[in-house]
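*Asks:* Prediction below, plus the sequence it came from.
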Amino acid sequence: MAKGDFAFPGTPDRALALGEIHSRPYALVKSPRVIFQLAFMMDGGAAVHHSVIAEMSRARGIAPPERDARHHAMPWGPGTLRWERHTEFSTWFWDGPVPDRFGGEVPMHPFGNGFSPPGSLISGIRLEIRPEGPQTDQAQNLFDPTSLCHSEVKNGQAAILTDFRQNGDGLTQILVIDRGLTEAGTGALVQRLLDIETYRTLAMLGLPLAQTLSPEIRRIEDGLTAVTQRMKVHARDESDAILGELTTLSAELEANAVLSLYRFGASRAYDVIVRERIKTLGETAIPGFETLGSFLERRLAPAMRTCLSVEERQANLSRKLSRATGLVRSWIDVELERQNSAVLASMDRRAKLQLRLQQTVEGLSVAAISYYVIGLIGYLAKAVTHDIVAVDPTVVTGLFVPFVVVGVWLVVRRIRRKHEDETR
């Protein structure tokens, strides 16, 4: 088979579709190791994040990433800095040698005084991977026992400890006890733990918004209740005012719904990711301690249910407002039909009056025209001498009166009927 036999033209997005499954490969992580990962929101847009990583790359003599690049890696001191762009945030991952004790100072890392944050910090994690021994036993005492999660993963090849609290630097501390993990297995475990902490924080962003919107929804519900009570008694008399109030309530509700649409949708998506990552951990409970999964289920699930409840209240309230608005519009339509009927009846009366007036004018016009025609006949009879026709002009004029009146009446009637036929 010759090389290139299958070099067929591909669809424009084929390379993107094939490369997507390789876009987030697990880093090969050695043990022991300390890892910092920061997540910054894209408050100022993706260009700001790209410019920061590009400037850091150029300062190290490394080619910066392309404008549309979604990830970039470069050596930094004794470790590697990895940058990744997501939909609404970017992550900055660095790994290096562990200090002498758990939580000790790391002398060299890229997030010191010279680092320029590209946006507001949403998640900060310090994860240490250490072999099992006296140091890891002592490290357990540094966690808050009221929220300590301790479980085994990878069929006992590793153990995880965290209390989901932040240290003096504002970072969530996680300890992974290595009991024989491979570099690939360590990298996969680290990535899942980092994703759980990052995405659970992002999922919780919907809760403050839900708590803010809940009083607003309650106020709109109370307003709708008051309006519907008025509708029972004054729907016909105050329909315009009631419709205005319902329109105002609907506008306020839709504004809040548009404001929360993306945030609640994103929170649901992040919650699904957290649940998937917890499931893939395959935790085994250690007697006397909670697992990460059970701890987050008790903390995260109520927040997600609150967001869902606010969404459902918004949807139900929107439907109620639509029904109430429809009822008021029905009253308004009935009133408009009543007014239209009154206008048509008034127009009918005016048409009848106009017809009677027209008939009266028609009679007067017949008399007027006949008068002028008879006058002309009288002048003509007076102009004829008695030598030609021995007739008194007054008698002639009198004899022509009935004929002229009837003739003028017939002509006027014929003209009127012709106009009526054209109108019809």
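*Replies:* Received, thanks.

*Asks:* Pop the domain breakdown of this protein in here.
*Replies:* With domains defined by automatic domain parsing, the chain comprises 25-182, 206-341, 353-423.

*Asks:* so which of these gets nearest Arg200?
*Replies:* Nearest to Arg200, of all these, is domain 206-341, at 4.9 Å by CB to CB. From N, CA and C alone the C-beta is placed, and that goes for glycine too.

*Asks:* what's the offset of that closest one from the middle of its chain?
*Replies:* Computed by CA atoms, centre = their mean, to the nearest Å, the chain-centroid distance of domain 206-341 equals 13 Å.

*Asks:* Please enumerate the strands of this structure.
*Replies:* 33-41, 71-76, 79-85, 89-96, 121-131, 149-153, 158-166, 172-178, 284-285 (DSSP state E).

*Asks:* These: which one's closest to Ile374?
*Replies:* Of the strands of the chain, nearest to Ile374 by CB to CB is strand 33-41, at 102.6 Å.

*Asks:* and the closest one, what other elements does it pack with?
*Replies:* Counting contacts by 3 or more CB pairs under 8 Å, 6 or more residues apart in numbering; DSSP states H and E, strand 33-41 packs against strand 89-96, strand 121-131, helix 183-203.

*Asks:* quick one, helices of this structure?
*Replies:* Ranges of helices in the chain, per DSSP state H, are 14-20, 46-59, 134-139, 183-203, 206-234, 239-281, 292-383, 393-423.

*Asks:* Only alpha carbons, please: show the second one as CSV.
*Replies:* What it means is helix 46-59. Extracted in CSV, the C-alpha atoms of helix 46-59 (Å, rounded to 0.1, in the frame of the first residue of the first chain):
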residue,chain,number,x,y,z
ALA,A,46,-9.5,36.1,27.1
ALA,A,47,-7.0,38.5,25.5
VAL,A,48,-5.8,39.7,29.0
HIS,A,49,-5.0,36.1,30.1
HIS,A,50,-3.2,35.4,26.8
SER,A,51,-1.1,38.6,27.1
VAL,A,52,0.0,37.6,30.6
ILE,A,53,1.1,34.1,29.7
ALA,A,54,2.7,35.5,26.5
GLU,A,55,4.7,38.1,28.4
MET,A,56,5.9,35.4,30.9
SER,A,57,6.9,33.2,28.0
ARG,A,58,8.9,35.9,26.3
ALA,A,59,10.6,36.8,29.6
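
*Asks:* List the buried residues in that helix.
*Replies:* 46, 48-50, 52-54, 56-57 (16 or more other CB atoms under 10 Å).

*Asks:* need the domains of the chain in TSV with distance to Arg192 and mean pLDDT, can you?
*Replies:* Formatted as TSV, the domains of the chain follow (distance: least, CB to CB, whole Å; pLDDT from 0 to 100):
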stretch	distance to Arg192	mean pLDDT
domain 25-182	9	90
domain 206-341	5	87
domain 353-423	86	73
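
*Asks:* what's the burial count for Val274?
*Replies:* 25 (other CB atoms under 10 Å).

*Asks:* Just confirm it contacts Thr198, I think it does.
*Replies:* No - the criterion here is CB atoms under 8 Å, and Val274 misses it with Thr198 at 9.2 Å.

*Asks:* Save the strands of the chain as CSV, and put in mean neighbour count and distance to Ala139 too.
*Replies:* Output for the strands of the chain, formatted as CSV (neighbours: other CB atoms under 10 Å; distance: least, CB to CB, whole Å):
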stretch, mean neighbour count, distance to Ala139
strand 33-41, 22, 12
strand 71-76, 16, 26
strand 79-85, 20, 21
strand 89-96, 22, 18
strand 121-131, 20, 8
strand 149-153, 21, 11
strand 158-166, 20, 7
strand 172-178, 23, 5
strand 284-285, 13, 20
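
*Asks:* As CSV, the ones you listed with distance to Arg413 would be great.
*Replies:* As requested, the strands of the chain are exported to CSV (distance: least, CB to CB, whole Å):
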stretch, distance to Arg413
strand 33-41, 89
strand 71-76, 97
strand 79-85, 91
strand 89-96, 91
strand 121-131, 93
strand 149-153, 106
strand 158-166, 102
strand 172-178, 103
strand 284-285, 109
